[in-house]
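Asker: I would like the atomic coordinates for the input below:
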Amino acid sequence: MSDAVTAAEVLASHAPAAGLAPAPSPWDGELAGRLLMAPMAGVSDAAYRLMARAGGAALAYSEMVSCAGLHYGEKSWELVDPDPAEPEVAVQLFGSRPELFRESAERVAARLGERLALIDVNMACPVPKVTKKGEGSALLEDPALAARIVRACREGAPGVRVTVKIRRGRYAGQEVAPEFARAMEDAGAAAVAVHGRFATQMYHGEADWGAVRRVVDAVGIPVIASGDILSHDAALRALAETGATAVMVARGTYGNPWVFSGHEPSAAEKVAAFECHVRLLEATGAHLKRARSLAGWYFKGMPDAARWRSAAMGCVTAEEFLVVAADVRAHLTKVPG
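Answerer: Residues are numbered from 1 along each chain as shown. The predicted structure is shown next:
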């Protein structure tokens, strides 16, 4: 494949065979009833966002971006910059210092202009290396600081929608989400996404959608439901059961960009989606080793899936991954039914 091939050209040429749109539709700014692609560390790069948008996601988020990283270096900007094929992107920031949030919001807004859909503040990450610095879900214990961060973002990027993502609370049995969300609303947050687990649960157990409903009842701003949205049907149930304005899909997108539309892909479409995704990784300049995880996700449930995952683990170049995909396709034609 030529280095000159753009992500837009990849989508136009390869997305339809996967049951996906040949180009993402611009977001109209509305949240009501919408399915959004969540920010996921190490996952939601430009290629992943484009696949989600082609699958019907109304909006897709960047990986969470460190405000300190943006302040002290240039590499973190790689997580912020959208591909030219993306109409817009939501950028999620994390940190604990209001002055760095103000600076980051100002710089992100200036850099992305009209392609910045919104700035989201991560107050949900449960990972210890984040929380030990007072960042992520640690902010749930300090609503005053969290409110200052929201106000700082609004000051740095006037006119840009600022939202927050939270959990039920930091520690099991200590739900703070309703009152915390009210404090964020008072600080000017335009919406709040609520993951129905405590931070100490990480991703174990089940998300409590009742916690989302309690936040819906507590605030007047849009609430986005998050947690265990693993299928299109689950997304619709979450909207109905929680009364949330929108839903945010994370792990439910793994190998499944169709989760946003409800389309049930054939095995051939799954292979075509993997090929499209690999080509997008190359077109966007992403590290191709990410395709190893993608192979496990897209080929899950297929005949001899373990064989194809193993084959992908030995791949380095896009061409090698595409050879694996061709082998899967050829094998599918030989499998009865």
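Asker: end-to-end on stretch 258-278?
Answerer: Its first and final residues considered, stretch 258-278 spans 17 Å by Cα to Cα, to the nearest Å.
Asker: distance from the chain centre to it, please.
Answerer: Remark: stretch 258-278 is offset 18 Å from the chain centroid, using Cα atoms, centre = their mean, to the nearest Å.
Asker: ditto for stretch 5-22
Answerer: 20 Å.
Asker: can you give me the end-to-end distance of it?
Answerer: Using Cα to Cα, the two ends of stretch 5-22 sit 15 Å apart.
Asker: which residues touch it?
Answerer: 23-24, 46-47, 50-51, 53-56, 83-85, 257-258, 263, 265-266, 269-270, 272-273, 275-276, 279-280, 282-284 (Cβ atoms under 8 Å, 6 or more residues apart in numbering). Using the backbone N, CA and C atoms, a C-beta is placed for each residue, glycine as well.
Asker: list the buried residues of it.
Answerer: 7, 8, 10, 11, 14, 15, 18, 19, 20, 21 (16 or more other Cβ atoms under 10 Å).
Asker: now, of the contacts of stretch 5-22, which are buried?
Answerer: 24, 46-47, 50-51, 53-56, 83, 85, 257-258, 263, 265, 269-270, 272-273, 275-276, 279-280, 282-284.
Asker: take the contacts of stretch 5-22 and keep only those in helices.
Answerer: 46-47, 50-51, 53-55, 269-270, 272-273, 275-276, 279-280, 282-284 (DSSP state H).
Asker: any weak-confidence spans in the protein?
Answerer: 1-3, 335-337 (pLDDT under 70).
Asker: what's the domain layout of it?
Answerer: 22-260, 267-334 (automatic domain parsing).
Asker: can you tell me which of those is packed in deepest?
Answerer: Most buried of the domains of the chain, by mean neighbour count (mean count of other Cβ atoms under 10 Å): domain 22-260, with a mean of 20.
Asker: re the thing from before, of the buried residues of stretch 5-22, which is the nearest to residue 63?
Answerer: residue 7 (17.2 Å; Cβ to Cβ).
Asker: look up how far residue 218 lies from the closest one.
Answerer: Residue 7 sits 41 Å away from residue 218, taking Cβ to Cβ, to the nearest Å as the criterion.
Asker: could you do residue 212 as well?
Answerer: 11 Å.
Asker: now stretch 140-147: how far from the chain's centre is it?
Answerer: Put simply, stretch 140-147 sits 24 Å off its chain's centre (Cα atoms, centre = their mean).
Asker: what does it rub up against?
Answerer: So stretch 140-147 is contacted by 96, 98, 121, 123, 134, 139, 164, 166-167, 169-170, 176, 179-180, 183-184, 186-187, 199 (Cβ under 8 Å, 6+ apart).
Asker: how about 7 Å then?
Answerer: 123, 139, 166, 167, 169, 170, 176, 180, 183, 184, 186, 187 (Cβ atoms under 7 Å, 6 or more residues apart in numbering).
Asker: possible to save the residues you listed as JSON lines with distance to residue 111 and secondary structure?
Answerer: JSON lines is the format used below for the contacts of stretch 140-147 (distance: Cβ to Cβ, whole Å; DSSP: H, G, I helix; E, B strand; the rest coil):
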{"residue": "123", "distance to residue 111": "23", "secondary structure": "strand"}
{"residue": "139", "distance to residue 111": "25", "secondary structure": "helix"}
{"residue": "166", "distance to residue 111": "26", "secondary structure": "strand"}
{"residue": "167", "distance to residue 111": "29", "secondary structure": "strand"}
{"residue": "169", "distance to residue 111": "34", "secondary structure": "strand"}
{"residue": "170", "distance to residue 111": "32", "secondary structure": "coil"}
{"residue": "176", "distance to residue 111": "34", "secondary structure": "coil"}
{"residue": "180", "distance to residue 111": "30", "secondary structure": "helix"}
{"residue": "183", "distance to residue 111": "29", "secondary structure": "helix"}
{"residue": "184", "distance to residue 111": "25", "secondary structure": "helix"}
{"residue": "186", "distance to residue 111": "29", "secondary structure": "helix"}
{"residue": "187", "distance to residue 111": "24", "secondary structure": "coil"}
